[in-house]
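S.K.: Next comes the sequence, and after it the predicted model I'd like to discuss.
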Amino acid sequence: MNSSRNIYRREIDFRALALQSPEFSRRLKANDQLDFSDPDAVRQLTKSLLERDFKIRVDLPGNRLCPPVPNRLNYILWLQDLLDTTSEAGDDEYDPEKEVLGLDIGTGCCSIYPLLGCSMRSRWKFFATDIDEDNIVSSRKTVSENQKSDRITVVKTDPDDLLIPLDKLGIDRLDFTMCNPPFYESEQELLSSAAAKSRPPYSACTGAAVEMITPGGEITFVSNMITQSLNLQTRVRWFTSMLGKLSSLSAIVQKLLDLDVENWAVTEFVQGKGTKRWAVAWSWMDWRPRSDLSRGLSTLPKHLLPFPSHFNVELPKDTKLEQVCSKLESELSVLRYLVHTWVTKESCVGFAREDVWSRKARRKFSKEQHTKSANENDDPDVMDLEEQWKKAPKDVAALGFRIDLRLEADTSVSMVIRWLKGMDQVLFESFCGMIKRKFGEE
Ligand SMILES: C[S@@+](CC[C@H](N)C(=O)[O-])C[C@H]1O[C@@H](n2cnc3c(N)ncnc32)[C@H](O)[C@@H]1O
């Protein structure tokens with residue numbers, strides 16, 4: 001995935017940047033190309049893009065990793081979308097009032113992720129950790145010089161500390177964690193990877209060993225996060241990490257599956273001419289991201305991709321929009337333990353306590369109804385169970401959904417069922433099957 005919102009999704013116009021940034025123009029070659037093997041030129045590109053496009057001023061030390069802005073932006077945009085499409089509002093929209101707290105694990109020399117996150121979203125705050133003293137010093141300085149010390153707290157951690165040290169940070173919960181871990185398990189692996197990319201090692205990669213190498217490589221690093229997430233559970237909405245190798249992504253998703261994680265997302269970030277990175281997210285909560293975000297990678301074997309969170313219902317050709325809306329209203333309103341609200345004229349959000357639509361469920365309810373009628377005089381409170389549930393249906397609903405109807409240009413009507421909440425894909429499929437039977441093409 002290269003987010004359509006990424007301002008760098010097309011090639012960066014170096015000539016235009018040079019006109020806006022004299023420091024960059026000094027690094028640009030006469031043919032308007034940049035020498036990517038020159039670390040000073042690469043650093044200046046990052047500095048000039050951050051300043052021009054985000055008003056972020058950074059000083060990048062010569063002996064630390066220089067973050068490429070397009071890739072870092074892709075990760076932040078994916079996170080934004082992940083959070084926006086798993087909010088309890090169920091509308092898949094950005095809420096500018098919503099406060100969001102994130103943790104950037106291994107923030108690097110200039111806290112690029114927290115600075116980008118805060119510059120784009122005014123209610124985001126971050127904790128940022130690193131074990132490298134030099135990175136801590138330069139990150140704190142950069143955060144302070146960008147007047148973000150009230151929103152970004154840079155914390156030095158030790159290699160033996162938890163990667164997600166909520167208690168040490170003195171916080172109860174987080175909306176997300178993010179990380180660009182050291183990829184390699186040894187210097188040997190780093191060198192052979194550079195050789196395989198047929199460019200001289202360290203040509204424009206100025207990363208220090210602590211930034212590039214970690215015992216066991218990125219798989220061990222992210223596996224440790226997964227293990228820690230087991231203890232934290234819903235104290236963190238989304239655990240995420242970038243990965244440098246596609247094979248690591250498969251291994252990490254397999255580990256999640258082994259632990260019965262039901263809600264996860266994978267994607268790829270395409271950076272410049274073909275350089276790719278991958279990212280994984282998992283959650284112990286049951287708010288489901290939009291399919292394009294959770295399945296942003298078609299090359300992964302199917303069993304490693306999460307179940308799609310949308311379902312298209314093919315409607316007969318002559319269907320009228322008003323008719324579908326009113327039929328949907330009457331079909332949904334007769335279902336017990338299911339609440340729904342029309343958020344627009346053509347879009348309704350609903351929550352069901354369990355399977356309340358199948359024949360079996362309806363039989364169960366009618367049996368209950370008989371017992372209740374017989375007992376009504378003995379225990380009037382029995383009548384109120386459903387009313388009580390309706391007061392906070394989102395908390396315990398096994399299924400949350402949104403149904404979007406749309407009049408297309410050719411006057412046909414489209415219907416998409418979006419899976420908003422729930423761990424049980426069979427339940428979602430069963431709900432879609434019921435709607436399809438009632439509305440779909442014969
Ligand atoms: C690949 S660099 C990423 C830097 C920055 N986030 C970026 O994307 O440009 C990995 C970072 O993780 C830090 N790091 C390594 N082990 C760590 C650990 N156990 N806990 C926290 N940070 C760690 C390194 O010092 C380094 O800054």
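M.R.: That came in fine, so what should we check first?

S.K.: Next, the contact list for the closest residue to the ligand within the stretch 151-300 of the chain, please.
M.R.: Nearest to the ligand, among the residues of the stretch 151-300 of the chain, is Asn180, at 3.5 Å (C-beta to the nearest ligand atom). For glycine as for every other residue, the C-beta is placed from the backbone atoms N, C-alpha and C. By C-beta atoms under 8 Å, 6 or more residues apart in numbering, the residues touching Asn180 are Tyr75, Gly106, Gly108, Tyr113, Ser241, Met242.

S.K.: quick check, Phe239 in a strand?
M.R.: Yes. Under DSSP: H, G, I helix; E, B strand; the rest coil, Phe239 sits within a strand.

S.K.: thought Ser193 was touching Ser186?
M.R.: No. Counting by C-beta atoms under 8 Å, Ser186 is not a contact partner of Ser193; they are 10.6 Å apart.

S.K.: what sits against the residue of the stretch 301-442 of the chain found nearest the ligand?
M.R.: Using C-beta to the nearest ligand atom, the single residue of the stretch 301-442 of the chain nearest to the ligand is Leu304, 24.0 Å away. For Leu304, the contact set (C-beta under 8 Å, 6+ apart) comprises Ser250, Val253, Gln254, Leu257, Val266.

S.K.: ok, now Phe176?
M.R.: Leu79, Leu82, Leu83, Val100, Gly102, Leu103, Val236, Arg237, Trp238, Phe239, Thr240.

S.K.: how about 6 Å then?
M.R.: Neighbour list for Phe176: Gly102, Trp238 [criterion: C-beta atoms under 6 Å, 6 or more residues apart in numbering].

S.K.: Show me what it is bridged to.
M.R.: Under the criterion DSSP bridges, Phe176 forms beta bridges with Gly102, Trp238.

S.K.: so what pLDDT did it get?
M.R.: With respect to pLDDT, Phe176 has a value of 98.

S.K.: where's the residue of the stretch 151-300 of the chain closest to the ligand relative to Asp292, distance?
M.R.: Note on Asn180: its distance to Asp292, by C-beta to C-beta, to the nearest Å, is 22 Å.

S.K.: what about the residue of the stretch 1-150 of the chain found nearest the ligand, neighbour count?
M.R.: Proximity of the stretch 1-150 of the chain to the ligand (C-beta to the nearest ligand atom) peaks at Gly106, 2.2 Å away. Applying other C-beta atoms under 10 Å, we find 23 residues neighbouring Gly106.

S.K.: Equivalent analysis for Pro22, please.
M.R.: Residue crowding around Pro22 was assessed by other C-beta under 10 Å; the count is 9.

S.K.: now swap in the one 4 residues further on and tell me
M.R.: Here the count is done by other C-beta under 10 Å, and Arg26 has 11 residues near it.
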